[in-house]
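> My questions are about this predicted structure, shown below with the sequence.
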Amino acid sequence: MTMSKKQNILELFKKIKIDKSWAFADKTRKETTYITHGYHRYPAKFIPQIVSRLVEKYTKPGDLVVDPFGGCGTTLVESKVMCRPSIGVDINPVAVLITKAKITPIKPLTLEQAFIDLKHKLGAYTSTTKVSAPKHERIDYWFKPEEKRKLAFLFSEISKIENQDIRDFFYCGFSNILKNCSIWLQKSNKPTRDLKKKPADPFVAFLRQVKSMLRGNADYFNLLEERGCAKTSCKVYCTDARKIPAKSNSVSLIVTSPPYVTSYEYADLHQLTALWFEYTKDLSDFRKRFIGTAYHNKKKLVLNSEIAENIKEALLKKDKKTAEEVATYFGEMNQVFEEMKRILKKGGRTCIVIGDTTLKEVEILNAEVFVEQLQNLGFRIDDIIKREIPSKNLPSTRDKTTGRFAKATDKKRVFAYPTEYILIMQKI
C-alpha cells in the first residue's frame with residue numbers, strides 16, 4: 001500500500017535532524033544588528049545571516065529577491081548589500097515605515113547636519129513652548145502628560161523636515177523610543193501597563209537612539225559604495241502579500257518569515273507607533289488587516305492540505321472560533337503561495353522560515369501544512385532545514401490553554417518556538 005502525501009510529509013519531518021550551522025549561535029548582538037539592522041526592535045525578526053546565506057546560495061548579483069511578509073526589512077537590506085534588486089511587501093504600515101528607513105542609505109554628512117539642526121530645535125523647548133498634543137484616549141492610556149507633550153513637540157519638528165528620506169529616518173528613531181517613554185511594561189512584548197515605571201525622557205532617549213542609527217547608516221552607506229551596490233533597486237510596498245507588485249515569472253528567490261496564526265498580535269505590539277502616526281484610530285480595525293484574523297471573509301478559502309483539514313477537525317472539538325481562525329490562516333497562506341508561484345521563475349525557489357506551535361493543546365503543524373500546500377501547487381522539496389532559535393526577539397512561551405504569549409512565571413506556559421524550519425521549495 002502506498003503512503004499518502006500527508007503520511008510522506010509527516011514521516012519526512014520526523015527524520016529531520018537539527019542543523020547546528022543554521023543557529024548562528026556564535027554571532028554576537030553586534031553582528032546580528034550590523035549596518036541598519038539595529039534601527040528598531042521588531043518581534044519575530046530573523047537574523048540577517050539566514051538571509052545572506054540563502055541569497056548567496058540560490059542567486060547571483062542582479063537576480064530579483066522578494067519578501068511577501070517583509071516585516072522590518074531584513075531580506076531587503078541583505079539583498080541590497082549583495083547587489084540583488086528586491087521587493088518587500090507588508091500589510092502593516094509600521095513595518096513599512098521601519099523598512100523604508102533601513103533600506104535607504106543617506107549621505108552621512110547630510111544626515112549629521114540634519115541631526116544637529118533637530119537637536120538645536122529640541123534645545124529651544126521649554127515648559128511654555130506651544131505644543132499641539134494628540135487627543136486620543138489610547139495615547140493617554142500609555143503616556144504620562146509630560147512625556148506626551150515632549151513627544152508631540154519632537155514629532156512635530158520631525159514632520160517639518162522636507163527631505164522624505166531624512167524625515168523617515170528620524171520617524172523610525174521616534175517610533176523605537178515610544179515604548180521606553182511610555183508606561184508599557186519594559187520587559188514585556190505584551191501590551192501591559194506598569195504604573196510604577198518611570199518613563200524615559202523623550203529627548204534624551206531620541207538623541208541616544210539616533211546617535212546609534214547614525215553609525216548604522218554610515219556603515220551601510222560605505223558598504224554599499226564599496227561593493228558598488230548603492231544603485232541596486234530596493235522597494236517596499238504597504239499591501240497584501242497576495243498582491244505582490246512583481247511581474248509573473250520574474251523572481252529568482254523568495255525569502256520570508258510569515259506571521260503565525262495569531263498575527264493580529266502584531267497589531268497590539270505596534271499600537272504605540274500606529275497611534276502616533278495615525279495609521280489607525282481604532283485598534284480593533286488595525287487588527288483586521290492582518291492575515292489569519294477571525295475577521296476575514298472566509299468565502300472561497302481552500303486549505304489545499306489534508307494535514308490542515310485534520311488540524312481544523314481536531315480544533316473544532318476544542319473551540320470553534322480557534323478552528324475558524326486557523327482554517328482562515330491556512331486558506332489565506334495557500335493564496336499567498338499561489339501568488340509566489342505566479343511571480344517565481346521556473347526553477348526559482350521560495351525559502352520560508354516557520355515554526356510549529358500549539359493552540360488549545362492541538363499541534364499546529366505550520367511547516368508540514370505549508371510543504372503539502374506548496375507541493376499541491378506544483379513545487380518540489382529542495383531542502384528542509386531544522387534550526388534552533390537562540391536569539392529571536394519573541395516571547396518564547398505561550399499559555400497552553402489560550403495559545404497567547406505567556407509570562408515567564410506562568411505555570412501553564414509551553415515553549416513555543418525552540419526550533420523552526422527553513423522550507424526550501426522549488427517551482428517546477
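In hand now; what should we look at?

> wait, what's in contact with Ile183?
By C-beta atoms under 8 Å, 6 or more residues apart in numbering, the contact list for Ile183 reads Trp142, Phe143, Lys144, Arg193, Asp194, Leu195, Lys197, Pro199. Where you see a C-beta, it was placed from the backbone N, CA and C, and this is true even at glycine.

> Now with 6 Å, please.
Taking C-beta atoms under 6 Å, 6 or more residues apart in numbering as the criterion, Ile183 is in contact with Arg193, Asp194, Lys197.

> what's the spacing between it and Phe143?
The span separating Ile183 from Phe143 equals 7 Å under the rule C-beta to C-beta, to the nearest Å.

> contacting residues for the residue positioned nearest the centre of the chain?
In the chain, the C-alpha closest to the average C-alpha coordinate belongs to Gly71, at a distance of 2.7 Å (C-alpha atoms, centre = their mean). Residues counted as contacts of Gly71 (C-beta under 6 Å, 6+ apart) are Lys45, Ala95.

> In three-state terms, label it for me.
Here Gly71 is recorded as coil under DSSP: H, G, I helix; E, B strand; the rest coil.

> Likewise for the one 5 residues further on?
When the structure is split into helix, strand and coil by three-state DSSP, Leu76 lands in helix.

> Next, the buried residues of the longest helix anywhere in the chain.
As assigned by DSSP state H, the longest helix anywhere in the chain is helix 202-227. Within helix 202-227, the residues that count as buried by 16 or more other C-beta atoms under 10 Å are 202-203, 205-207, 209-210, 213-214, 216-218, 220-221, 223-224.

> can you check stretch 371-390 too?
For stretch 371-390, burial by neighbour count (16+ other C-beta under 10 Å) applies to 371-377, 379, 384-389.

> need those in a markdown table with pLDDT, secondary structure and distance to Leu12, can you?
Formatted as a markdown table, the entries for the buried residues of stretch 371-390 read as follows, by pLDDT from 0 to 100; DSSP: H, G, I helix; E, B strand; the rest coil; distance: C-beta to C-beta, whole Å:
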| residue | pLDDT | secondary structure | distance to Leu12 |
| --- | --- | --- | --- |
| Val371 | 98 | helix | 8 |
| Glu372 | 98 | helix | 11 |
| Gln373 | 98 | helix | 15 |
| Leu374 | 98 | helix | 13 |
| Gln375 | 98 | helix | 11 |
| Asn376 | 97 | helix | 15 |
| Leu377 | 98 | coil | 18 |
| Phe379 | 98 | strand | 14 |
| Ile384 | 98 | strand | 7 |
| Ile385 | 98 | strand | 13 |
| Lys386 | 97 | strand | 11 |
| Arg387 | 96 | strand | 17 |
| Glu388 | 92 | strand | 19 |
| Ile389 | 87 | coil | 21 |
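
> Return the member of the contacts of Ile183 nearest to Glu265.
Arg193 (17.1 Å; C-beta to C-beta).

> tell me which of the buried residues of stretch 371-390 is nearest to Ala124?
The nearest member of those to Ala124, counting by C-beta to C-beta, is Ile389 at 46.2 Å.

> got a list of what Leu118 touches?
Leu118 neighbours (C-beta under 6 Å, 6+ apart): none.

> Can you tell me how far the residue nearest to the centre of the chain is from Asp383?
Distance, Gly71 to Asp383, using C-beta to C-beta: 23 Å.

> What of Lys346?
From Lys346 across to Asp383, the span is 18 Å (C-beta to C-beta).

> for Leu374, same thing?
Distance check for Leu374 against Asp383: by C-beta to C-beta, it reads 13 Å.

> what is in contact with those two at once?
Taking C-beta under 6 Å, 6+ apart as the contact criterion, no residue touches both Leu374 and Asp383.

> Shouldn't Ile381 be within a strand?
Yes. The assignment for Ile381 (three-state DSSP) places it in a strand.

> Looking at strand pairing, list the partners for it.
Ile381 has these beta-bridge partners by DSSP bridges: Met425.

> Show the pLDDT at it.
Model confidence at Ile381, expressed as pLDDT, equals 98.

> Give me the below-cutoff pLDDT ranges for the stretch 201-350 of the chain.
Where the stretch 201-350 of the chain drops to pLDDT under 70, the residues are 262-264, 291-299.

> how about the strands in it?
234-238, 251-256, 344-354 (DSSP state E, counting those that start in this stretch).

> Pick the most buried one from those.
strand 251-256 (a mean of 26; mean count of other C-beta atoms under 10 Å).

> what's in contact with that strand?
The list of residues contacting strand 251-256 from outside it, by C-beta under 6 Å, 6+ apart, reads 51, 54, 58-59, 63-69, 75, 340, 343-344, 348-352.

> go with 8 Å
50-51, 54-55, 58-59, 63-70, 75, 84, 340, 343-345, 348-353.

> any idea how far Pro191 lies from Glu265?
9 Å.

> between those two, who's got more neighbours?
Glu265 (21 against 17; other C-beta atoms under 10 Å).

> any idea how far the more buried one lies from Pro259?
Look at Glu265 and Pro259: by C-beta to C-beta, they are 9 Å apart.

> now swap in Ser127 and tell me
The gap separating Ser127 from Pro259 is 43 Å, by C-beta to C-beta.

> Specify which member of the buried residues of stretch 371-390 is nearest to Ala25.
Lowest distance from Ala25 to the buried residues of stretch 371-390 (C-beta to C-beta) belongs to Glu388, with 7.3 Å.
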